[in-house]
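Colleague: Predicted structure and sequence below. I'll ask about it afterward.
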There are 2 protein chains.
Amino acid sequence: MNKTSEKSFVPLDLDSFRDESKAVIDFIADYYKNIEKYPVQSIVEPGYLSSKLPGSAPCTPDSLEDVLNDVNEHILPGLTHWQSPSFFAYYQAGSSTAGFLGEMLCSAFNVVGFNWISSPAATELESIVLDWMGKMLKLPSSFLFSGTGGGVIHGTTCEAVVCTLAAARDKALKELDGNWANINKFVVYASDQTHFTFQKAAKLVGIPPSNFRFLQTSFATEFAMSPELLRSTIDDDIRSGLVPLFICATVGTTACGAVDPIADLGKIANEYKLWLHIDAAHAGNSCICPEFRHFLNGVELASSLSMNPHKWFLTNMDCCFLWLKEPRFLIDSLSSNPEYLENKASKSNGVVDYKDWQVTLSRRFRSLKLWIVIRRIGAENLMQHIRSDVSLAKKFEALVKQDDRFEIVVPRRIALVLFRLKPKQGLDGSELNRKLLDAINYSGRAFMTQGVVAGVYAIRCVVGATLTEERHMNDLWSLIQEKAQLVLFQCSQ
Amino acid sequence: MNKTSEKSFVPLDLDSFRDESKAVIDFIADYYKNIEKYPVQSIVEPGYLSSKLPGSAPCTPDSLEDVLNDVNEHILPGLTHWQSPSFFAYYQAGSSTAGFLGEMLCSAFNVVGFNWISSPAATELESIVLDWMGKMLKLPSSFLFSGTGGGVIHGTTCEAVVCTLAAARDKALKELDGNWANINKFVVYASDQTHFTFQKAAKLVGIPPSNFRFLQTSFATEFAMSPELLRSTIDDDIRSGLVPLFICATVGTTACGAVDPIADLGKIANEYKLWLHIDAAHAGNSCICPEFRHFLNGVELASSLSMNPHKWFLTNMDCCFLWLKEPRFLIDSLSSNPEYLENKASKSNGVVDYKDWQVTLSRRFRSLKLWIVIRRIGAENLMQHIRSDVSLAKKFEALVKQDDRFEIVVPRRIALVLFRLKPKQGLDGSELNRKLLDAINYSGRAFMTQGVVAGVYAIRCVVGATLTEERHMNDLWSLIQEKAQLVLFQCSQ
């Protein structure tokens, strides 16, 4: 009697695998076809789902038809449709047929490439794809495996920042004779525009929150970090007996798309021997185009750089590239070699064991997805994709500028347009624009979010969802105008 | 001119999405059909892939046919086939048709449910599925949303351990007047069998490595942690002015499957007010069966519990359930509320924002996968699946016991059989078994790994790959006998 016949079911039967998978492909294609019919932002009430699903697991199997019906009836209404062409919120979550195919293969092989031997292809393809991408970004060879550096694919920027912080911390602790108590002296620097992830990561690795410096930015510099302020803050900290450790610079901040001056910050980092990390999560994708590459000028002075293909590189969630000039500091901090993972290849030191480059042991075969995206789309089309989105953002910005009731809050750098209704006499600008944003989002016809810079509340329009075309931008602008008229009328009553 | 016509390509065209996805489904079904033809452990040499792929990205698209050909020719040989029925290494990576369908939908919707509003269904389904699973495990209601607790789905155990350690750390810091310098006093406890992840996580959150206590275990207790030793070690640390913080207990350790005595450790944790986390990554899955539930006896005394459906619950990578009795400590440690994520639902405090329960901001819609696995398979079949694997492990153990040349090193608890060739006069046991394991793995007909307990090198046979049937266990045993004869002959020369 084999295992199959002992069971009342076969968890992976090839015929039903083929049939059911293809049925789900059709379900997904229909979802994409109908995606414009759903409200972009879900309009369900908190707790909506618990009344629709049973309180405990079923004893016996439900049919695929029942499950897909429930997805249609109960799950879809509760989704905020990130793949909708009218999704202009946060930073987008890119997708494509190629990215989806890559995810399918990754999930089907289901290998766990924590060390080289556990799937050599998973490790080696990752290193190759990191070099491909690094070359597309014209990174110096000091960041490439084919040069003197290297990299790893994490799930998200948060993980990349946690790991680089830990690497910098442990490098510095070693230099301070390994006395762990020095952890309380380390100081980290960012701007007040830096993603909150940095703060979370620094606290996670044990840096005291009192040693976080969030340098003030302003309209004058379009919210870029000030090198002068950085230098004077570092000097102050040194005078106080503290140990400056880490600078997190951003290329394309979340609220307004600000770009920190990498070259100037890099010079200071090198002079004071701090670790400089560049978080280019969103805007970094655009740097494959020569006309945007200048945002990374000075990258050769940084210690590490991260960017998320799952944002703007047509790659389904999740993946974050992290390149480092000296991966050994990451490995020193994160490696461990239990007996149960021992193997000849690892002992030879001739291979990469990616478990030592990340927080977790288990890891998905993400490089396969990236490799298929890059091969199926090609570098030229990837550039074209970025350019097309930037061009739509430009056109949208022009529409906003043409309307006297509106203003651009911070000049557009790439594909994020930050705008607002101009405050009117007697009307609070924040309140006015909050009402406008609510009216737009509650219409279900588009979804945007807000950014607040130097106290000014503005509406963020991020262009870049895969399915967005010019007509969606025009629809968005009509919607904004329609709701603006309504809100202005209501407020004037 | 719309975006589509501006581009030379359409990244998500519905017709080609359907056709290409179905072609990849067929490719995957063929892979599974032929999976027994590949060497289980890859036999490529380090660096094999770089000579086969170009050094930089293609400018123009390659055809799907070319890409799939390259997967066949260059990637498959470099995979260690975790889905092979003859994969008995590490702990397995479970998969199923249902798990794959769930991954497809997750990847297609590609929503990023970091807070409730960004996709209410993603948040609410996660809470529901955690309660379903908690009830299957007969967890006390203090761990369930329907009771007084709650949970979150992380990618891996490592993430769960990092987060619970941070929660315990920040709770304790608060109790010590928020003086961050106390971080140097915190002590964490585990056994010398605990997964290395714990050590890595504790260091990551800033606990000084000199304050890690790895309590010695032995054959006498089948490598379970000793409550007496734990108590005396805690007492010693208190006398030294240190602050005992956290105990990590394991249900089913990696090397030998040891089960720590949860109830006894729980009493100590409560008496001394330490955070007790239970890592039940692999064996926890079996606790849905009444006959294995006793491994979790005493769970009501713990602060948190994690277990990985991606191991033994027919769920493709990645997912780790984490339940907590008091989620507020996790949230206190990990939450942050930047203006650009502000929304009415979050402000109402009536919803879960999962970004505050994990390291990262971005997160995949993993609950959809779990929900589909549980619904399509059903609780009874899931139990049957576990029982079938345990029954195969038992039969394999019986085969080993019948052969005088072999011995069981640590009694089997669930589905991991730890065995070795008995040392022979003049032959080192480690060397002998290392040779045997190498011979088995190099044959390509099966893949196992080693475990070392109290200095004894043994071979681990983990039963539980989805496609494994009784015939594969019989083949494995024939292979072991064949290679044992060869190795014993060589060593006796």
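Modeller: Noted; the coordinates are in hand. Just so it is clear, the structure is predicted and the values come from calculations on it, not from any experiment. Numbers count the residues shown, from 1 in each chain, chains lettered A, B, ... in the order given.

Colleague: Spell out the residue ranges of the strands in the stretch 301-450 of chain A.
Modeller: Using DSSP state E, counting those that start in this stretch, the strands of the stretch 301-450 of chain A run over residues A:304-307, A:320-324, A:406-410, A:416-421, A:449-453.

Colleague: in chain A, which segments are predicted with low confidence?
Modeller: In the prediction, chain A carries residues with pLDDT under 70 at positions A:1-8.

Colleague: switch the cut-off to 80
Modeller: Low-confidence segments of chain A, defined by pLDDT under 80: A:1-8, A:349, A:425-426, A:493.

Colleague: Scan it for its longest helix.
Modeller: When chain A is scanned for its longest helix (criterion: DSSP state H), the result is helix A:366-402.

Colleague: chain center to that one: distance?
Modeller: Helix A:366-402 sits 15 Å away from the centroid of its parent chain (Cα atoms, centre = their mean, to the nearest Å).

Colleague: A:Leu105 - that's part of a helix, no?
Modeller: Yes - according to DSSP: H, G, I helix; E, B strand; the rest coil, A:Leu105 belongs to a helix.

Colleague: what's around it, how many residues?
Modeller: By the measure other Cβ atoms under 10 Å in any protein chain shown, the count of residues near A:Leu105 is 22. Quick note: C-beta positions are derived from backbone N, CA and C, even for glycine.

Colleague: From chain B, how far out is it?
Modeller: 7 Å (Cβ to the nearest Cβ, to the nearest Å).

Colleague: I'd say that residue and B:Ser21 touch.
Modeller: No - with contact defined as Cβ atoms under 8 Å, A:Leu105 does not count as touching B:Ser21 (11.0 Å).

Colleague: now A:Gly206, what's its secondary structure?
Modeller: Of the three states, A:Gly206 takes coil under three-state DSSP.

Colleague: State the phi and psi torsions of A:Asp260.
Modeller: In terms of degrees, to the nearest 10, the main-chain angles of A:Asp260 are phi -70, psi 150.

Colleague: from what I can see it touches A:Thr250, true?
Modeller: Yes - using Cβ under 8 Å, A:Asp260 is in contact with A:Thr250, at 5.4 Å.

Colleague: what's the overlap in contacts for those two?
Modeller: A:Ser191, A:Met225 (Cβ atoms under 8 Å, 6 or more residues apart in numbering or on different chains).

Colleague: Identify the residues contacting the closest residue to chain B within chain A.
Modeller: Residue of chain A nearest chain B, by Cβ to the nearest Cβ: A:Gly206 (1.9 Å). By Cβ under 8 Å, 6+ apart, the contact set of A:Gly206 is A:Arg169, A:Ile183, B:Ile183, B:Val205, B:Gly206, B:Ile207.

Colleague: Which helix or strand contains the closest residue to A:Val161 other than its chain neighbours?
Modeller: Distance criterion Cβ to Cβ, 6 or more residues apart in numbering or on different chains; nearest residue to A:Val161, sequence neighbours excluded, is A:Ala201 at 4.3 Å. Element membership for A:Ala201, per DSSP states H and E: helix A:196-204.

Colleague: helices or strands up against the next helix or strand after that helix?
Modeller: Downstream of helix A:196-204, the next assigned helix or strand under DSSP H and E is strand A:212-215. Judged by 3 or more Cβ pairs under 8 Å, 6 or more residues apart in numbering or on different chains; DSSP states H and E, strand A:212-215 is in contact with strand A:186-191, helix A:196-204, helix A:227-239.

Colleague: Of these, which is nearest A:Ala89?
Modeller: Evaluated over these, closeness to A:Ala89 peaks at helix A:196-204, with 16.7 Å, by Cβ to Cβ.

Colleague: Run the angle between the closest one and strand A:186-191 for me.
Modeller: 170 degrees (axes from the mean of the first three to the mean of the last three Cα atoms, to 10 degrees).

Colleague: Which elements pack onto helix A:196-204?
Modeller: So helix A:196-204, by 3+ Cβ pairs under 8 Å, 6+ apart, packs with helix A:157-175, strand A:186-191, strand A:212-215, helix B:157-175, helix B:327-334.

Colleague: for the fourth one, which positions count as buried?
Modeller: Residues of helix B:157-175 classed as buried under the neighbour-count rule (16 or more other Cβ atoms under 10 Å in any protein chain shown) are B:157-173.

Colleague: Repeat that for the shortest one.
Modeller: Applying a neighbour-count criterion of 16+ other Cβ under 10 Å, one finds A:Phe212, A:Arg213, A:Leu215 buried in strand A:212-215.

Colleague: what's in contact with it?
Modeller: Counting by Cβ under 8 Å, 6+ apart, residues outside strand A:212-215 touching it are A:187-192, A:194, A:199, A:202-203, A:225-226, A:229-230, A:233, A:237.

Colleague: Of all pairs in the residues you listed, which one is the farthest apart?
Modeller: Maximum pairwise distance among the contacts of strand A:212-215 (Cβ to Cβ): 24.1 Å, between A:Lys203 and A:Ser226.

Colleague: Out of those two, name the residue with the larger neighbour count.
Modeller: A:Lys203 (23 against 20).

Colleague: surely the more buried one meets A:Ser210?
Modeller: No - with contacts counted by Cβ under 8 Å, A:Lys203 stays clear of A:Ser210, the gap being 10.8 Å.

Colleague: Quick check: of the contacts of A:Gly206, which lies closest to A:Pro338?
Modeller: Proximity of the contacts of A:Gly206 to A:Pro338 (Cβ to Cβ) peaks at B:Ile207, which lies at 18.8 Å.

Colleague: Quickly note the distance from the closest one to chain A.
Modeller: Distance from B:Ile207 to chain A, counting by Cβ to the nearest Cβ: 8 Å.

Colleague: what about that residue, distance to A:Ala415?
Modeller: 42 Å (Cβ to Cβ, to the nearest Å).

Colleague: if you count what's nearby, which of the two comes out ahead?
Modeller: Shown here are B:Ile207 and A:Ala415; by other Cβ under 10 Å, A:Ala415 has more neighbours (29 against 26).

Colleague: Double-check that one against A:Cys289; I have them as touching.
Modeller: No - with contacts counted by Cβ under 8 Å, A:Ala415 stays clear of A:Cys289, the gap being 11.6 Å.

Colleague: Shouldn't A:Ile247 be within a strand?
Modeller: Yes - assignment of A:Ile247 by three-state DSSP places it within a strand.

Colleague: how many neighbours does it have?
Modeller: 29.

Colleague: try the one 5 residues further on
Modeller: When neighbours are counted by other Cβ under 10 Å, A:Gly252 registers 27.

Colleague: go on, A:Pro54?
Modeller: 10.

Colleague: next one: A:Pro411
Modeller: Using other Cβ under 10 Å: A:Pro411 sits among 12 other residues.

Colleague: Also the one 3 residues further on?
Modeller: As a burial measure, the neighbour count of A:Ile414 was computed by other Cβ under 10 Å and equals 26.

Colleague: List the contacts of A:Asn184.
Modeller: A:Pro208, A:Asn211, B:Trp180, B:Ala181, B:Ile183, B:Asn184.

Colleague: What separation is there between it and A:Phe198?
Modeller: 19 Å.

Colleague: Could you check how far A:Tyr189 is from B:Thr197?
Modeller: Distance from A:Tyr189 to B:Thr197, by Cβ to Cβ: 31 Å.

Colleague: for A:Thr194, that is, sorry about that
Modeller: 29 Å.

Colleague: interface residues of the stretch 351-493 of chain A facing chain B?
Modeller: A:351, A:359-364, A:368, A:372, A:374-381, A:384-385, A:388-389, A:391-392, A:449-452, A:460, A:466-471 (Cβ under 8 Å from any Cβ of the partner chain).

Colleague: Buried ones only from the residues you listed, please, as a PyMOL command.
Modeller: Per 16+ other Cβ under 10 Å, the buried members of these correspond to this PyMOL selection:
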select buried, chain A and resi 351+359+360+361+362+363+364+368+372+374+375+376+377+378+379+381+384+385+388+389+391+392+449+450+451+452+460+466+467+468+469+470
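
Colleague: what's the spatially closest residue to A:Pro11 that is not a sequence neighbour sitting at in phi/psi?
Modeller: Distance criterion Cβ to Cβ, 6+ apart; nearest residue to A:Pro11, sequence neighbours excluded, is B:Ser96 at 3.9 Å. Dihedral angles of B:Ser96 (phi, psi; degrees, to the nearest 10) stand at phi -170, psi 170.
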